[in-house]
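*Asks:* My questions are about this predicted structure, shown below with the sequence.
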Amino acid sequence: MKIELVEKKRETQSVTSFIFKSPTPVKWVAGQFLFYTFPHNNPDQRGVTRYFTVSSAPFEEHIMLTTKLADKHPSSFKQKLFSSPIGMELEVTDTDGDFTVDLPRSKAGDPGKKLIFIAGGIGITPYRSILLDLDHKNLPINVTLLYANHDNNFVFKEELETLAVTHPTFKIKYFVSPKHIEKEDIQEAIDEITNESMVYVSGPEVMTEAFEKTLKEMGLPEDRIKLDFFPGYDSIK
Ligand SMILES: Cc1cc2nc3c(=O)[nH]c(=O)nc-3n(C[C@H](O)[C@H](O)[C@H](O)COP(=O)(O)OP(=O)(O)OC[C@H]3O[C@@H](n4cnc5c(N)ncnc54)[C@H](O)[C@@H]3O)c2cc1C
């Protein structure tokens, strides 16, 4: 299906959200991704296709892709995307992915499962969709977000903090390099929770793999861990 760029929203100096409309409605569950094909002249070895999370929530009724333009050697795909005018078209295929949240069974006073969301840099994208979706459905946000970034420019910071004001059980902890999310930080969040809790990790592949190892060392069973790997980034970006 073809989708058309209708708006570009600068989130930070290097991160932009691209908002698209589609001729037929696209259905997705908060946290899922799309597969994009973007033909362009002289593509580099990484080619003309990419996966990107849908960073918008379904109720927003548009597809939003949020990504970073590398300071050095951005791919031909990213150069073309960032320089595209409004009206540009991209090809996408159906949404996919299980980096989603099981909704609590009852709305009335059910705090739902306690969730721990670990985000590395641009790995925040699925959480925006999930958190806004929970809020829109008037469901509790029983979440501790551990959010690491290489500098102070946290993407979606304002939107996240607005949610934290209306949802007292939503807590955000920021980590700016060289400060990292340590075992103790995860342990502190885990200590408060029931055995039903889930830990989500989203970010660059190397970071996600490292946390997977840490969580297993901490004794978390595989069925309480969800991972979203972003290949192509070498560290927290
Ligand atoms: C399910 C899924 C969901 C995803 N969701 C998102 C998302 O929401 N947002 C997002 O941004 N990404 C997401 N990704 C990752 C995305 O698909 C890209 O892999 C990622 O954005 C990197 O893009 P790029 O390959 O165009 O590289 P770039 O972003 O252009 O570059 C990445 C890094 O590689 C370095 N580099 C580039 N070329 C060279 C070279 N020749 N030599 C040395 N270093 C080089 C750059 O300097 C930079 O540090 C997702 C991936 C998956 C699988």
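*Replies:* Structure received. Numbering: from 1, shown residues only.

*Asks:* what sits against residue 98?
*Replies:* Taking CB atoms under 8 Å, 6 or more residues apart in numbering, we find residue 98 in contact with residue 226. C-beta: built from backbone N, CA, C; applies to glycine.

*Asks:* how does it look with 10 Å?
*Replies:* 29, 31-32, 226, 228 (CB atoms under 10 Å, 6 or more residues apart in numbering).

*Asks:* where does residue 186 land in three-state SS?
*Replies:* Here residue 186 is recorded as helix under DSSP: H, G, I helix; E, B strand; the rest coil.

*Asks:* Just the pLDDT at it, thanks.
*Replies:* Residue 186 carries a pLDDT score of 92 in this model.

*Asks:* Number of residues surrounding it?
*Replies:* As a burial measure, residue 186 scores 21 neighbours (other CB atoms under 10 Å).

*Asks:* does it really touch residue 225, like I thought?
*Replies:* No - with contact defined as CB atoms under 10 Å, residue 186 does not count as touching residue 225 (11.0 Å).

*Asks:* between those two, what contacts are shared?
*Replies:* Both residue 186 and residue 225 are contacted by 116, 199, 201, 211, 215, under the criterion CB under 10 Å, 6+ apart.

*Asks:* circling back to that earlier point, ok, the contacts of residue 98 vs the ligand, which is closest?
*Replies:* For the contacts of residue 98, the closest approach to the ligand (CB to the nearest ligand atom) belongs to residue 228, at 6.0 Å.

*Asks:* Could you grab the helix/strand/coil label for the closest one?
*Replies:* The three-state label given to residue 228 by three-state DSSP is strand.

*Asks:* Check the burial of residue 145 by counting its neighbours.
*Replies:* 23.

*Asks:* Quick one: list the elements packing against the helix or strand bottoming out on mean pLDDT in the chain.
*Replies:* Least confident helix or strand, the chain: helix 183-191 with a mean of 86, by mean pLDDT, DSSP states H and E. Applying 3 or more CB pairs under 10 Å, 6 or more residues apart in numbering; DSSP states H and E, we find helix 183-191 packed against strand 115-120, strand 143-149, strand 170-176, strand 198-204, helix 205-217.

*Asks:* Buried deepest among the ones you listed, which one?
*Replies:* Stretch with highest mean neighbour count among the helices and strands packed on helix 183-191: strand 115-120 (a mean of 27; mean count of other CB atoms under 10 Å).

*Asks:* Check the chain for the residue nearest the ligand and tell me.
*Replies:* residue 232 (2.7 Å).

*Asks:* who touches that residue in this structure?
*Replies:* Contacts of residue 232 (CB under 10 Å, 6+ apart): 46, 50-51, 70, 75, 77-78, 204-205.

*Asks:* Please enumerate the strands of this protein.
*Replies:* Counting by DSSP state E, the chain has strands at residues 2-10, 15-21, 33-37, 49-53, 63-68, 89-96, 115-120, 143-149, 170-176, 198-204, 225-230.

*Asks:* can I see the domain layout of the chain?
*Replies:* 2-96, 115-230 (automatic domain parsing).

*Asks:* roughly how far is the shortest one from the heart of the chain?
*Replies:* Taking CA atoms, centre = their mean, to the nearest Å, one finds the center of domain 2-96 at 14 Å from the center of the full chain.

*Asks:* Can you tell me, leaving aside adjacent residues, what's nearest to residue 101?
*Replies:* Once flanking residues are discounted, residue 101 sits nearest to residue 130: 5.4 Å by CB to CB, 6 or more residues apart in numbering.
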